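Engineer: sequence plus the predicted model coming up.
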Amino acid sequence: MPRRGGFAWGYVVTLGVLAAIVTGLALYNLRSIVFSIFFAGFITVGLDPLIRWLQRRHFARGWALFTVILLVVAAIVAVIWLIVPIAVEQISSLAVSIPSQIEALQASGWFDTVDAATNGLLGQTLSSINDIIADPKTWAAVGSGVVGFGAAIADAVSTGIFTVILTIYFIATYDSTKEAAFRMVAKSHRATFASYTNRILENVGKYLSGMVILAFINSIFSTILLTIVGVPGAFFIGIAAFFITLIPLVGTIITTCIMTIVAFFQSPVSALIVLLVMLVYMQVEAYLFTPKVMSKAVQVPGSVVLISALAGGTLFGLAGALIAIPISAGVILIIRELVMPRKELS
């Protein structure tokens, strides 16, 4: 009997391990679909505060949903027909203008002094960049990877379309989906569970929408600043700044470094202006914009933001870093609203 019992337990454990491995492999093979579902869900949660805002402005629920869906579709059309062509044009102009800007820097009066002070490091760096851009092998390598790049673009487009369709569906069925999920909880605990779930989703939505608003402000400001200074490709860099700024804590710093480097090719004075103005902007963003935009969202300590972003980024890349922050906000809300009060009463 003991041997038969041990064999049975070993058989069950083996089946459990095999089931876990098969499930893990299936999820890995379907990772793009799984990420699309999660990403569409987070977009839906982030758009829900806009729907609630429209409802407070005397919009019926149906009209609020229709308005938000129309805005999503309009944003996608604007990206495809307006932003992408301009971005491609500015990428081309930026690639063409960099070599001439490097030559102008090397011909300027201060360059030899600074190059000598850095033991030739500045000149070697600029020459290396110029050689890479001017080398036909660079563009041949790019050309040889066109097929793979095109396949990656096609995959990204198909995933994006799938995500957009899911997002529209999730927006339209958001409340009914939540009600169906709540009915799976025992009736005695359903009201409490629904209350905390709605509060968590509301705070996470406010956090996500706040991040997007701050990134949009940063993008507009960066584009205007680079345009005033005369840096080529300002519009493209501004678009890139929007997505980079979504990275918690370090997004604005990375954007500032990139803008300063690109402006340096224009002239050292331009780089200095961009750096100083962006340093001032970071202070305004930290002490004015962020408290104003995030005032109604759950506050996440900086250390938790950093740890969550690193953990999510290590596991799932940039998408994981972005998703980890709202999850941390929800966990913090549960601890503050549920765990700590119970500990005080125990």
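Structural biologist: Right, received. Where do you want to start?

Engineer: now for the chain, the helix or strand with the poorest mean pLDDT.
Structural biologist: helix 136-144 (a mean of 48; mean pLDDT, DSSP states H and E).

Engineer: where does the prediction get shaky in the stretch 1-150 of the chain?
Structural biologist: The model of the stretch 1-150 of the chain has pLDDT under 70 over residues 1-13, 15-17, 20, 22-32, 79-80, 82-84, 86-150.

Engineer: what's the answer for the stretch 201-346 of the chain, then?
Structural biologist: For the stretch 201-346 of the chain, applying pLDDT under 70 flags the ranges 248-249, 294-303, 305, 316-319, 321-322, 346.

Engineer: so residue 325 makes contact with residue 210?
Structural biologist: No. Judged on Cβ atoms under 8 Å, residue 325 makes no contact with residue 210 at a distance of 10.9 Å. All C-beta atoms are positioned from the backbone trio N, CA, C, and that covers glycine.

Engineer: and residue 58, how many neighbours does it have?
Structural biologist: A count of nearby residues for residue 58, using other Cβ atoms under 10 Å, gives 8.

Engineer: secondary structure class for residue 232?
Structural biologist: coil (DSSP: H, G, I helix; E, B strand; the rest coil).

Engineer: of residue 325 and residue 210, who's got more company?
Structural biologist: Between residue 325 and residue 210, counted using other Cβ under 10 Å, the more crowded position is residue 325 (24 against 20).

Engineer: next one: the more buried one from residue 311, what distance?
Structural biologist: Computed as Cβ to Cβ, to the nearest Å, the residue 325 to residue 311 distance reads 11 Å.

Engineer: over to residue 225?
Structural biologist: Distance of residue 225 to residue 311, given as Cβ to Cβ: 33 Å.

Engineer: contacts only, for residue 226.
Structural biologist: 233-234, 237-238, 259, 262-263, 274 (Cβ atoms under 8 Å, 6 or more residues apart in numbering).

Engineer: next: residue 70.
Structural biologist: So residue 70 contacts nothing (Cβ under 8 Å, 6+ apart).

Engineer: mind checking which helix or strand it is in?
Structural biologist: Applying DSSP states H and E as the criterion places residue 70 in helix 61-78.

Engineer: where do the helices sit along the stretch 151-300 of the chain?
Structural biologist: Here the stretch 151-300 of the chain has its helices, by DSSP state H, counting those that start in this stretch, at 174-182, 187-229, 234-245, 251-266, 268-284, 290-293.

Engineer: buried stuff in stretch 256-263?
Structural biologist: For stretch 256-263, a neighbour-count test (16 or more other Cβ atoms under 10 Å) marks 256, 259-260, 262-263 as buried.

Engineer: can you tell me which of those residues is nearest residue 181?
Structural biologist: Using Cβ to Cβ, residue 256 is the member of those that sits closest to residue 181, with 42.3 Å.

Engineer: list the backbone torsions phi and psi for residue 184.
Structural biologist: The phi/psi pair for residue 184 (degrees, to the nearest 10) reads phi -80, psi -10.

Engineer: swap that for residue 231, please
Structural biologist: phi -80, psi 130.

Engineer: compare residue 225 and residue 311 (neighbour count), which wins?
Structural biologist: Shown here are residue 225 and residue 311; by other Cβ under 10 Å, residue 225 has more neighbours (20 against 14).

Engineer: ok, the more buried one touching residue 274?
Structural biologist: Yes. Judged on Cβ under 8 Å, residue 225 makes contact with residue 274 at a distance of 6.4 Å.

Engineer: list the residues that contact both of the two?
Structural biologist: Counting by Cβ under 8 Å, 6+ apart, the residues touching both residue 225 and residue 274 are residue 259.

Engineer: distance of residue 41 relative to residue 327?
Structural biologist: From residue 41 to residue 327 the distance is 12 Å (Cβ to Cβ).

Engineer: and residue 275, by the same measure?
Structural biologist: In terms of Cβ to Cβ, residue 275 sits 34 Å off from residue 327.

Engineer: and residue 205, by the same measure?
Structural biologist: 13 Å.

Engineer: mind saving the C-alpha coords of stretch 242-256 as PDB?
Structural biologist: Once non-C-alpha atoms are left out, stretch 242-256 reads as follows in PDB (Å, rounded to 0.1, in the frame of the first residue of the first chain):
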ATOM      1  CA  PHE A 242       6.000  60.800 -25.900                       C
ATOM      2  CA  PHE A 243       6.800  57.100 -25.700                       C
ATOM      3  CA  ILE A 244      10.100  57.400 -23.900                       C
ATOM      4  CA  THR A 245       8.500  59.700 -21.200                       C
ATOM      5  CA  LEU A 246       6.000  56.900 -20.400                       C
ATOM      6  CA  ILE A 247       9.000  55.100 -18.800                       C
ATOM      7  CA  PRO A 248       8.600  55.900 -15.100                       C
ATOM      8  CA  LEU A 249      11.200  58.100 -13.300                       C
ATOM      9  CA  VAL A 250      13.900  58.000 -16.000                       C
ATOM     10  CA  GLY A 251      11.800  58.700 -19.100                       C
ATOM     11  CA  THR A 252      12.300  62.500 -19.000                       C
ATOM     12  CA  ILE A 253      16.000  62.100 -18.200                       C
ATOM     13  CA  ILE A 254      16.500  59.900 -21.300                       C
ATOM     14  CA  THR A 255      14.500  62.300 -23.400                       C
ATOM     15  CA  THR A 256      16.600  65.200 -22.200                       C
END
